[in-house]
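>>> need a 3D model of the sequence below.
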Amino acid sequence: MNMMDPDHELFTTIVDEGGLAAAGRRLHISPAMMSKRLARLEERLGARLIHRTTRRLALTPAGERLHTDLRAILAALDEAERRVSGVSAVAAGPLRITAPTSFGRLHLAPWLPRFLDDHPRVDLTLNLSDDFADLIEARADLAIRITADPGPTLAARRLATNRRILCAAPAYLDRFDTPRRIADLKAHRLLAADGQMPWRLVGPKGPVTIEGRSHVRTNSSEVVREIALAGGGIALRSLWDISDALARGDVRQILPDFEGSSDVGLFAVQLPQQNPPLAITSFVDFLTNLYAPTPPWERTAIAPDAQPL
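As a prediction, this is how the structure comes out:
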């Protein structure tokens, strides 16, 4: 169905495809005509929609508002057509997801076949990046983020708490001894990626901040994980990342009374819209059912009270 103003459709396609050239190829319209029609729409609305001074697509505030409203209108039109025709709602169409690299590889990719078996008409794209990419610039419908604050301008659903524990390999603990008090960490080799220090922990007496610098400097959280597994120091790691190694005994939890702040959670975030496409809501529901009430990585790792060392 196509009941939308042609220039509105052109604008949404520009945003979806990430630029005028790609949108022109999809719509079979020349670049010159694309620019002309976009300028016509902006003149009609009395507002600039897209910045012209960047190589990447960058929407103005007016462009962001229009795109959000048009997505809601499209979803509402699809729903209205389904109600009139009596066709049951079926998740279909493109679904572009972005997620942190390690989490996406470990805890999204293995479950995608099951989701696609249940929703064969969804055209799913998963891009992995450790940057908090702008959803519009990344052309993403949904982002999986690990954060304490998803942001006030996004619609977010909390999928799980992100438990983070202090851990080290047995080889490291045998060599340097196991810390018994939180103050003992000052004498140990701490491991963290750039931007991950200081550590903000919660203990029996409340919040504790661990200052310091990483024994090895790196911009990669995966590198920190591998160094910790190799006996290079103590790391603060998410259970989703380290649960298998804990179960195998490759690392041990230390100072079990102290964990990362529970404010940090796993969220599914999207641009706010009144009637999001069914592909988005189906995937969020799928993850909610998968991770609740206890996510898989906590079922195979340690109990709420840590195993003794």
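>>> strands of the stretch 51-200 of the chain, start to end?
Under the criterion DSSP state E, counting those that start in this stretch, the stretch 51-200 of the chain contains strands at 93-99, 122-128, 142-147, 155-161, 164-168, 190-191, 199-203.
>>> need these in TSV (columns: mean pLDDT).
Below are these laid out as TSV (pLDDT from 0 to 100):
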stretch	mean pLDDT
strand 93-99	92
strand 122-128	93
strand 142-147	93
strand 155-161	90
strand 164-168	96
strand 190-191	98
strand 199-203	94
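>>> so can I have JSON lines of those showing distance to P256 and mean neighbour count?
In short, each C-beta sits where N, CA and C put it, glycine included. JSON lines is the format used below for these (distance: least, C-beta to C-beta, whole Å; neighbours: other C-beta atoms under 10 Å):
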{"stretch": "strand 93-99", "distance to P256": "29", "mean neighbour count": "20"}
{"stretch": "strand 122-128", "distance to P256": "31", "mean neighbour count": "15"}
{"stretch": "strand 142-147", "distance to P256": "22", "mean neighbour count": "21"}
{"stretch": "strand 155-161", "distance to P256": "17", "mean neighbour count": "17"}
{"stretch": "strand 164-168", "distance to P256": "7", "mean neighbour count": "26"}
{"stretch": "strand 190-191", "distance to P256": "17", "mean neighbour count": "24"}
{"stretch": "strand 199-203", "distance to P256": "10", "mean neighbour count": "17"}
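>>> and the ones you listed: which comes nearest R225?
Smallest distance to R225 across the strands of the stretch 51-200 of the chain (C-beta to C-beta): 8.7 Å, for strand 190-191.
>>> which elements pack onto that closest one?
Counting contacts by 3 or more C-beta pairs under 8 Å, 6 or more residues apart in numbering; DSSP states H and E, strand 190-191 is packed against helix 221-229, strand 234-238.
>>> using PDB, write out every CA atom in the last one.
Backbone C-alpha positions of strand 234-238 (Å, rounded to 0.1, in the frame of the first residue of the first chain) are rendered in PDB as follows:
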ATOM      1  CA  ILE A 234      42.100  -8.600  37.900                       C
ATOM      2  CA  ALA A 235      39.100  -7.500  35.700                       C
ATOM      3  CA  LEU A 236      35.600  -6.300  36.300                       C
ATOM      4  CA  ARG A 237      33.600  -8.300  33.800                       C
ATOM      5  CA  SER A 238      29.900  -8.700  33.000                       C
END
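>>> many thanks, we can stop here.
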